[in-house]
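Engineer: Please work out how this folds:
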Amino acid sequence: MARITLRQLLDHAAERGYGVPAFNINNMEQGLAIMEAAAAVDAPVIIQASRGARSYANDIMLAKMIDALEEMYPQIPLCLHQDHGNEESTCATALQHGFTSVMMDGSLAADAKTPASYEYNVDITRRVVDMAHWIGASVEGELGVLGSLEHGGGDQEDGHGVEGVVGHDQLLTDPDQAVDFVRATRVDALAIAMGTSHGAYKFSRKPDGDILAMRVVEEIHHRLPNTHLVMHGSSSVPQPLQDAFNQFGGEMPQTWGVPVEEIVRGIKHGVRKVNIDTDCRLAMTAAFRKVATQSRSEFDPRKFLKPAMDSLRDLCRQRFEQFGTAGHASHIKVVPLAEMARRYRSGALDPRIGGIADAAE
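Structural biologist: Sure, this is the predicted structure:
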C-alpha cells in the first residue's frame, strides 16, 4: 500500500523541482480516471475532497473507495487531502477516515464565507497543526483570501468562499506576514492569494500581471525558499473543453483560467501543489453532453461515464506531464505515519526559515 503524507510528497517534489496537481473527486469514476492516468506516467497523486464532496459521497463510501484505489494501484503513492477545512472538527473527522493531510483554511471564519482576522487564522491553524502532527499527518494553511483582482469578489465552491467585496490587501498575501505565519503555525504547505478564484469564471480576459499576481509567488518564495507553496483555483479552463461543452448544447460564457505556463512559472518558484477541479468537471461534462447529443436514445449510464472517464484521464495525464510529476512515483519510498509523527516530535520537520530550522515559541 502507498498512502503518503502531503509533507513527504512535497518534500520529494521540492528536492526534484516538480509540482503535483491535486485533483478533487466525489465519485468512483473520477478516482479511477486519475489513478489510471498516474499509472500510465508513473506519477504520485494527490486526491482531495471538499466538505461538499464528503457530504455527497459519505465519509464511509469515500474512505472505502480510496482504499480500493490504493489496493488497485499499490505502486502509486497516494495522498488523500481534505480541501478547505473550515474548522477543527472538519479536519479531525477527515483524519479519522484515513486522510493523510488536511487543509485548515483559517483565512475565513467557520461559516466559510466571512474573512477572519490574522490572529484567528494563526490560532486555529496552529491548533490543527498540533493535532495532525501528533499522528504524523500534514497540514496546509492559507493566508490571504481567494478572489478576483478584477472585481474584488470570490466565487463559492461547495459552499466555501468569501462573500461580498474585499480589498486587494486581503486578495494578495503579504510576503512578510507569510514568514510570520509559517513560523507561528508550522504548516507543511502554504496556500497563497494572488488573484485566482474557485470555479470556471476566473478572469474576463487572458490574465496578465495586473489580475494574476505571480510576482507574489516569487516574493514569498524568496523569503520562504523552503516552504511548499500552493496555488488554489488553478484550473486552466482550456478553450477546447469550453468549445466542446458548448458545441453539444452547453451555454458556458467565454472565460479564461490560469494558463499552464504561469503554473509552470510558479513551480519554478516554490509552488508544489496545484489545485484543479473545474477542468476535471468540464472534461467529464463535455463528454456527457456529446453522448447525449449524438446518441439521443442512449440510456445506459456507462455509455456516458466511460467517455467522460477517458476525457478526465487524458486531462490528468497532461497535467502530470506538464507539471513534471510524471516519472517520480517509482522513486518514492513511503514513510509511515508513525515515523512522520516521530520526526515532527523530534523537530526534524520544523519550518526552515532562512535555512535554519525555526521552532515556534
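Engineer: drop to CA atoms for contacts and neighbour counts, all remaining ones
Structural biologist: OK.
Engineer: Tell me the gap between the one helix or strand residue 317 maps to and the middle of its chain.
Structural biologist: Residue 317 belongs to helix 301-322 when elements are defined using DSSP states H and E. How far helix 301-322 lies from its chain's middle: 18 Å, per Cα atoms, centre = their mean, to the nearest Å.
Engineer: before we move on, what about stretch 230-237?
Structural biologist: The answer for stretch 230-237 is 8 Å, by Cα atoms, centre = their mean.
Engineer: Quick one: list the elements packing against the helix holding residue 317.
Structural biologist: Secondary-structure packing of helix 301-322 (3 or more Cα pairs under 8 Å, 6 or more residues apart in numbering; DSSP states H and E): strand 20-24, helix 28-41, helix 278-294.
Engineer: how would you label the residue of the chain most remote from its centre: helix, strand or coil?
Structural biologist: Most distant from the centre of the chain: residue 297, at 38.0 Å, with distances by Cα atoms, centre = their mean. Here residue 297 is recorded as coil under DSSP: H, G, I helix; E, B strand; the rest coil.
Engineer: Low-confidence regions, the stretch 51-200 of the chain specifically.
Structural biologist: 152-168 (pLDDT under 70).
Engineer: which residues make contact with the helix holding residue 317 from outside it?
Structural biologist: 20-21, 29-30, 32-34, 36-38, 40-41, 43, 260, 264, 279-280, 283-288, 291-292, 326 (Cα atoms under 8 Å, 6 or more residues apart in numbering).
Engineer: what about the strands in the stretch 101-250 of the chain?
Structural biologist: Per DSSP state E, counting those that start in this stretch, the stretch 101-250 of the chain carries strands over the ranges 101-104, 138-143, 189-192, 228-231.
Engineer: quick revisit: now the buried members of the contacts of helix 301-322.
Structural biologist: Listed as buried from the contacts of helix 301-322 are 20-21, 29-30, 32-34, 36-38, 41, 43, 260, 264, 279-280, 283-288, 291-292, 326; burial here means 16 or more other Cα atoms under 10 Å.
Engineer: Give me the nearest residue to residue 134, chain neighbours excluded.
Structural biologist: Leaving aside its sequence neighbours, residue 134 sits nearest to residue 341 (Cα to Cα, 6 or more residues apart in numbering; 5.6 Å).
Engineer: A helix includes that neighbour, no?
Structural biologist: Yes: assigned with three-state DSSP, residue 341 falls within a helix.
Engineer: Contact partners for it?
Structural biologist: 133, 134, 135, 136, 137.
Engineer: Take the residues you listed and write them to a markdown table, including neighbour count.
Structural biologist: Converted to a markdown table, the contacts of residue 341 look like this (neighbours: other Cα atoms under 10 Å):
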| residue | neighbour count |
| --- | --- |
| 133 | 24 |
| 134 | 16 |
| 135 | 17 |
| 136 | 24 |
| 137 | 29 |
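Engineer: who's in contact with stretch 10-25?
Structural biologist: 31, 34, 44-50, 53, 228, 267-268, 270-277, 280, 319-320, 323-325, 332.
Engineer: Pull out the buried positions in that stretch.
Structural biologist: Those buried within stretch 10-25 under the rule 16+ other Cα under 10 Å are 10-14, 17-25.
Engineer: Then stretch 100-119?
Structural biologist: 100-110, 112-116.
Engineer: Put the alpha carbons of that stretch into CSV.
Structural biologist: Coordinates of each C-alpha in stretch 100-119 appear next as CSV, following Å, rounded to 0.1, in the frame of the first residue of the first chain:
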residue,chain,number,x,y,z
THR,A,100,-3.2,11.8,5.4
SER,A,101,-3.4,15.6,5.0
VAL,A,102,-5.8,18.3,5.9
MET,A,103,-6.2,22.0,5.0
MET,A,104,-7.2,24.3,7.7
ASP,A,105,-8.5,27.4,5.9
GLY,A,106,-8.4,30.0,8.7
SER,A,107,-8.5,32.8,6.2
LEU,A,108,-12.3,32.6,6.6
ALA,A,109,-14.4,32.1,9.7
ALA,A,110,-16.1,28.8,10.4
ASP,A,111,-19.0,29.8,8.2
ALA,A,112,-16.6,29.6,5.3
LYS,A,113,-17.7,33.0,3.9
THR,A,114,-16.6,35.7,6.3
PRO,A,115,-13.0,37.0,6.2
ALA,A,116,-11.2,36.1,9.5
SER,A,117,-8.6,38.1,11.4
TYR,A,118,-5.0,37.2,11.1
GLU,A,119,-4.9,36.3,14.8
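Engineer: about what we covered before: among the buried residues of stretch 100-119, which ones are in helices?
Structural biologist: Among these, no member falls in helices (criterion: DSSP state H).
Engineer: ok so, going back, export the helix holding residue 317 as CSV, just CAs?
Structural biologist: The C-alpha trace of helix 301-322 is given here as CSV (Å, rounded to 0.1, in the frame of the first residue of the first chain):
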residue,chain,number,x,y,z
PRO,A,301,-25.1,5.4,-17.7
ARG,A,302,-21.9,3.6,-18.5
LYS,A,303,-22.1,4.8,-22.1
PHE,A,304,-21.9,8.4,-20.7
LEU,A,305,-19.4,7.7,-17.9
LYS,A,306,-16.8,5.7,-19.9
PRO,A,307,-16.1,8.5,-22.4
ALA,A,308,-16.1,11.0,-19.5
MET,A,309,-13.6,8.9,-17.6
ASP,A,310,-11.4,8.8,-20.7
SER,A,311,-11.5,12.5,-21.1
LEU,A,312,-10.6,13.1,-17.5
ARG,A,313,-7.8,10.6,-17.7
ASP,A,314,-6.3,12.4,-20.7
LEU,A,315,-6.5,15.8,-18.9
CYS,A,316,-4.9,14.4,-15.7
ARG,A,317,-2.1,12.7,-17.7
GLN,A,318,-1.4,16.0,-19.5
ARG,A,319,-1.1,17.9,-16.2
PHE,A,320,1.2,15.2,-14.7
GLU,A,321,3.4,15.7,-17.7
GLN,A,322,3.2,19.5,-17.8
